[in-house]
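[1] I need the structure of the sequence given here:
(one chain, ligands or ions: 1)
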Amino acid sequence: MFSLFMRRDGLIDPPAFGEVDSHCHVLPGLDDGAPDERTALAISRVLVEMGVRTVVATPHVISDVYPNSTLQILEKCNNLRASLKDHELPLTLIPGAEYYVEKELLSRIERDDLLCFGEDRCVLFEAPIEHEPLLLDDVVFQLKSAGYTPVLAHVERYRYLHDNPDRVVELRRQGVKIQVNHPSFFLPKTSRRGEAARRLYVKGQVDLLGTDMHRATAEDVRLVAQGDHLFFARMAGRS
Ligand SMILES: [Fe+2]
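    I've put the predicted structure just below:
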């Protein structure tokens, strides 16, 4: 899927991003992502400059913090689509979500209230950073049984996977796809997150790339127009 280059400084050249962003907090006013339409349009401009043609809008869905309903996400998506058209931004917006591993997610699967994307019916979900949740295997099993493809978000971030790479192999064997945040490739060798992203990539375990972009400004748009590397290094530094 990706080609691999080793650089003189020992880091690897990151994979080309491609035309699809599978993880982005572009929808305004739903979570800690874009607070308003202006920011949503700045994020969209950055994506267009990167060569992205399709973005899956994935606001957090966490029952106590961001209890976004499917209907709310669809409405926001329709509104932003209209704005993209008004501003002549050639970006296809697909409604999705970043579901948190919790009991409510099991209920959603049960009542078939999920936003998915792609032919494989991918469902993006995230877990806590510090400790593997007890419900993880259950969520994976239920999603698979319901005909979805579970996609674990920003896998390079989970500390319990840094020390246990076999767990990634096991999750993939269970049918989980691995999503990595592209900016993580630009973190230095001293960063465990950066090293985890690179290790996953070298082992051929990266299935989907995302920006996980929450914000962007006009300056970001200018920066990305000068070169993706400059922009991603900056984004990695602030995430
Ligand atoms: Fe995210």
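[2] near the ion, which residues of the protein are found?
    Proximity of the chain to the ion is confined to Glu98, Asp212 under the rule CB under 5 Å from the ion. C-beta coordinates here come from the backbone N, C-alpha and C atoms, glycine included.
[3] what segments of the chain are helices?
    For the chain, applying DSSP state H gives helices covering 37-50, 70-86, 103-110, 136-145, 159-162, 165-173, 192-202, 218-226, 228-238.
[4] let's have these in TSV, adding mean neighbour count and mean pLDDT.
    Formatted as TSV, the helices of the chain follow (neighbours: other CB atoms under 10 Å; pLDDT from 0 to 100):
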stretch	mean neighbour count	mean pLDDT
helix 37-50	22	96
helix 70-86	15	98
helix 103-110	16	98
helix 136-145	17	98
helix 159-162	16	95
helix 165-173	14	97
helix 192-202	19	95
helix 218-226	16	87
helix 228-238	17	74
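[5] just put those in TSV and tack on distance to Pro15.
    Formatted as TSV, those follow (distance: least, CB to CB, whole Å):
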stretch	distance to Pro15
helix 37-50	13
helix 70-86	26
helix 103-110	29
helix 136-145	25
helix 159-162	19
helix 165-173	17
helix 192-202	6
helix 218-226	17
helix 228-238	11
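[6] these: which one's closest to Ser63?
    Ranking the helices of the chain by proximity to Ser63 (CB to CB) places helix 103-110 first, at 4.3 Å.
[7] which one of the helices of the chain lies nearest to Pro183?
    With CB to CB as the measure, helix 228-238 is the member of the helices of the chain nearest Pro183 (3.9 Å).
[8] what's that closest one in contact with?
    Residues from elsewhere that reach helix 228-238 (CB atoms under 8 Å, 6 or more residues apart in numbering): 14, 17, 46, 50, 182-187, 194, 211, 213, 220, 223-224.
[9] now do it against helix 218-226, angle only.
    Angle of helix 228-238 versus helix 218-226, following axes from the mean of the first three to the mean of the last three CA atoms, to 10 degrees, is 140 degrees.
[10] got the angle for helix 228-238 vs helix 192-202?
    140 degrees.
[11] helix 228-238 vs helix 37-50, what angle?
    Here helix 228-238 runs at an angle of 140 degrees relative to helix 37-50 (the same axes, to 10 degrees).
[12] find the nearest non-adjacent residue to the residue positioned nearest the centre of the chain, please.
    Taking CA atoms, centre = their mean, the centroid of the chain lies closest to His23, which sits 2.6 Å from it. Distance criterion CB to CB, 6 or more residues apart in numbering; nearest residue to His23, sequence neighbours excluded, is Gly210 at 2.8 Å.
[13] who's in contact with that neighbour?
    Contact analysis of Gly210 by CB under 8 Å, 6+ apart lists Asp21, Ser22, His23, Cys24, Val56, Thr58, Ala153, His154, Gln179, Val180, Asn181, His182.
[14] let's see it at 7 Å
    Asp21, Ser22, His23, Cys24, Gln179, Asn181, His182 (CB atoms under 7 Å, 6 or more residues apart in numbering).
[15] who's the first one bridged to?
    Meaning Asp21. Beta-bridge pairing of Asp21 under DSSP bridges involves Val55.
[16] and the gap between it and the ion?
    As judged by CB to the ion, to the nearest Å, Asp21 and the ion stand 11 Å apart.
[17] list the contacts for that residue?
    Leu47, Val52, Val55, Val56, Gly210, Thr211.
[18] return the member of these nearest to the ion.
    The ion has its nearest neighbour among the contacts of Asp21 in Gly210, at 7.6 Å by CB to the ion.
[19] so what pairs up with that closest one in the strands?
    Beta-bridge partners recorded for Gly210 (DSSP bridges): Asn181.
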